[in-house]
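J.: Model the following, please.
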Amino acid sequence: MKNSRSNSLRSLRVEALEPRCVMSGDPIGSAPQIFLDPFNSEVNEGQAFVITGRVLDNDTPASALTATVGYGFGDEPLAIAPDGTFRVEHLPEFGASIEVTLTVTDDQNNQTTEVLRVEVVNVLPLIDVRLNSPAVVGQPINVSGSFVDPGNDEWTGEVFYNYVDEGNTGDPEPLQLNADKTFNLSHIYDAPGDYTIRIVINDGNSEVPTFGEAYLVISVTDAPTNPPVIPPQRTTIEEGQSASFVVNFNDPDVGQGHTVFVDYGAGYVSVTPGADGKYVVSKFYGQDSSDITGGAYTLPVRVVDASGATADATYLVYVNNVAPSVDARPNQVIYVGETADKGLFSFTDPGLEYAGNGDPLWQYEVFLDGILVRAKGDLIVPSTDYPAIFSGLSVGVHSVTVKVSDDDSFGFDFFTITVLNSE
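T.: Next up, the predicted model:
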């Protein structure tokens, strides 16, 4: 259960003073009149207030009126619509009280000023706190939380780990608040039972403290003696495929609930069971495992029972390399002395063969009639056409072989160039 409260009261008011007409220069005719629409008399900190209204002048059209609005640090132009309406929207400084000054001048030097005073209501911190894993006697609790507050305040926090009621709060401890408005609790209970934790965050917004508070009830249990058992598993796939496992486990302590976690590489995350109640974990592998220590990728899994007992296992994934599939084309017929400029090749590879810096690992070689004419060196990527152009070929049929290699294997294809005598 969570709630927030304040032990001080602050009011917000918007006060409109009487309009006053100021004659500038040599005024002629009547002064403009400012009519304000009803508007929200409560504006929370972090929230913009809006003032709308209409200006009327008996002898001046709206298009000939000029207006400004000021918030205590200089005036800004204020647009007046052809029908005389206007709109002011402003986000005040946090916790500030300001005067809003509206000034309208007609083309006969008549000027009217309307002054409004605006105060901003303080918003209390709203706290969210949660227990991330079962609490066990003799082990630090795993509790984290966060809070929201639109104000630009200086927050301080404290926590009561043995709160009973207002007459028996226990000793408070300072609560470290992070810059992103998150926090973590660290405490060890030495006996099983239900404990109430009270978190208080003060926003420092008044001489009389204003604060938000939240409560968390946790059940602390004795350390378990029978953790779950997870049998090992392994599988073999080809690069560019996903490896999937059903997490199987058993627990000597019958009747307990369990939570399953998997680490895909960025820390453990929980696994949601399917409609059949099975826990399935799956991960995509873009490169073969030949360069991995032990020749296999590891996929850590964890099972935690309701009492906090934990079991870990590591699944092994063997990933085989798949050779590039090369497409060299087309067969060509030319006359002696001409250039065979139609040759192209491309390739596909289900693997993601890239170095740590992002460079591709694929390279190619070109053979003409079995003789290497272009050595490895240029890096290439799948599904892209590359040229294979030849000139100066003698009369006859020539075979062009293109060989594409990744870091472990290669594939090849060929096309022919038939050179005819020009006579």
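J.: Might you list the low-confidence residue ranges for the chain?
T.: 1-29, 41, 94-96, 206-209, 224-225, 254-255 (pLDDT under 70).
J.: center of it, which residue is that?
T.: Nearest to the geometric centre of the chain sits D180, at 13.5 Å (CA atoms, centre = their mean).
J.: who does the nearest residue in space to that residue that is not next to it in sequence bridge with?
T.: Once flanking residues are discounted, D180 sits nearest to S146: 7.9 Å by CB to CB, 6 or more residues apart in numbering. Any C-beta I mention is one placed from the backbone N, CA and C, and that applies to glycine too. Here S146 sits in beta bridges with D128, T182, as judged by DSSP bridges.
J.: ok, how many other residues are close to V217?
T.: By other CB atoms under 10 Å, 11 other residues sit near V217.
J.: can you tell me the helix or strand for it?
T.: Assigned by DSSP states H and E, V217 belongs to strand 211-221.
J.: Please compute how far that strand lies from its chain's middle.
T.: Its chain's C-alpha centre and that of strand 211-221 lie 28 Å apart, by CA atoms, centre = their mean, to the nearest Å.
J.: then the next helix or strand after that strand to CSV, C-alphas only?
T.: Using DSSP H and E, the helix or strand that follows strand 211-221 towards the C-terminus is strand 234-238. As requested, the backbone C-alpha atoms of strand 234-238 are provided in CSV (Å, rounded to 0.1, in the frame of the first residue of the first chain):
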residue,chain,number,x,y,z
ARG,A,234,22.7,-28.4,-24.9
THR,A,235,21.8,-27.9,-28.6
THR,A,236,23.4,-27.5,-32.0
ILE,A,237,22.2,-25.0,-34.6
GLU,A,238,23.5,-23.2,-37.7
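J.: other SSEs contacting the helix or strand just after strand 234-238?
T.: As assigned by DSSP H and E, the chain's next helix or strand after strand 234-238 is strand 241-246. Here strand 241-246 touches strand 234-238, strand 280-285, strand 297-305, strand 310-320, going by 3 or more CB pairs under 8 Å, 6 or more residues apart in numbering; DSSP states H and E.
J.: ok, and what's touching strand 241-246?
T.: 233, 235, 237, 278-285, 297, 299, 301, 315, 317, 319, 350 (CB atoms under 8 Å, 6 or more residues apart in numbering).
J.: any idea how far V69 lies from Q108?
T.: Distance from V69 to Q108, counting by CB to CB, to the nearest Å: 22 Å.
J.: Now the strand holding V217: buried residues?
T.: Residues F211, G212, E213, A214, L216, I218, V220, T221 are the ones in strand 211-221 that count as buried (16 or more other CB atoms under 10 Å).
J.: Of the helices and strands packed on strand 241-246, which is nearest A31?
T.: strand 280-285 (74.1 Å; CB to CB).
J.: Find the nearest non-adjacent residue to A67, please.
T.: Distances taken as CB to CB, 6+ apart place L78 nearest to A67, at 4.0 Å, with adjacent residues excluded.
J.: is it true that the one you found touches H90?
T.: No. In this structure, L78 is not within contact of H90 by CB atoms under 8 Å, at 11.1 Å.
J.: before we move on, what SS does G294 have?
T.: At G294 the chain is in helix, as set by DSSP: H, G, I helix; E, B strand; the rest coil.
J.: Report how many residues lie close to it.
T.: Around G294 there are 9 residues (other CB under 10 Å).
J.: Using PDB, write out every CA atom in stretch 405-417.
T.: Only the C-alpha atoms of stretch 405-417 are listed here, as PDB (Å, rounded to 0.1, in the frame of the first residue of the first chain):
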ATOM      1  CA  SER A 405      35.300 -16.600 -47.800                       C
ATOM      2  CA  ASP A 406      34.000 -15.700 -44.300                       C
ATOM      3  CA  ASP A 407      36.300 -16.200 -41.300                       C
ATOM      4  CA  ASP A 408      35.800 -20.000 -41.300                       C
ATOM      5  CA  SER A 409      34.700 -21.300 -44.700                       C
ATOM      6  CA  PHE A 410      34.100 -20.400 -48.400                       C
ATOM      7  CA  GLY A 411      31.700 -20.800 -51.300                       C
ATOM      8  CA  PHE A 412      32.200 -20.400 -55.000                       C
ATOM      9  CA  ASP A 413      30.500 -20.100 -58.400                       C
ATOM     10  CA  PHE A 414      31.700 -19.500 -61.900                       C
ATOM     11  CA  PHE A 415      30.700 -18.200 -65.300                       C
ATOM     12  CA  THR A 416      32.300 -18.500 -68.800                       C
ATOM     13  CA  ILE A 417      33.500 -16.000 -71.300                       C
END
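J.: how close does D222 get to V137?
T.: In terms of CB to CB, D222 sits 5 Å off from V137.
J.: list residues touching both of these two?
T.: P192.
J.: these two touch, right, P82 and A62?
T.: Yes. Distance between P82 and A62: 5.7 Å, which falls inside the contact criterion (CB under 8 Å).
J.: Neighbour count: the two, which is higher?
T.: Counted by other CB under 10 Å, P82 and A62 do not tie: A62 has more neighbours, with 19 against 8.
J.: Using the three-state scheme, assign the residue nearest to the centre of the chain.
T.: coil.
J.: how close does it get to V301?
T.: For D180, the distance to V301 equals 30 Å [CB to CB].
J.: same question, G240
T.: 23 Å.
J.: So these two - more neighbours on which side?
T.: Taking neighbours as other CB under 10 Å, G240 and V301 compare with V301 leading, 22 against 16.
J.: what bridges to the more buried one?
T.: The partner residues for V301, given DSSP bridges, come to V262, A313.
J.: distance of it from V120?
T.: From V301 over to V120 (counting by CB to CB), the distance is 52 Å.
J.: same thing with F211?
T.: Separation of F211 from V120 (CB to CB): 18 Å.
J.: With Q241 instead?
T.: Per CB to CB, Q241 is found 58 Å from V120.
J.: who's more crowded, these two?
T.: V120 (23 against 16).
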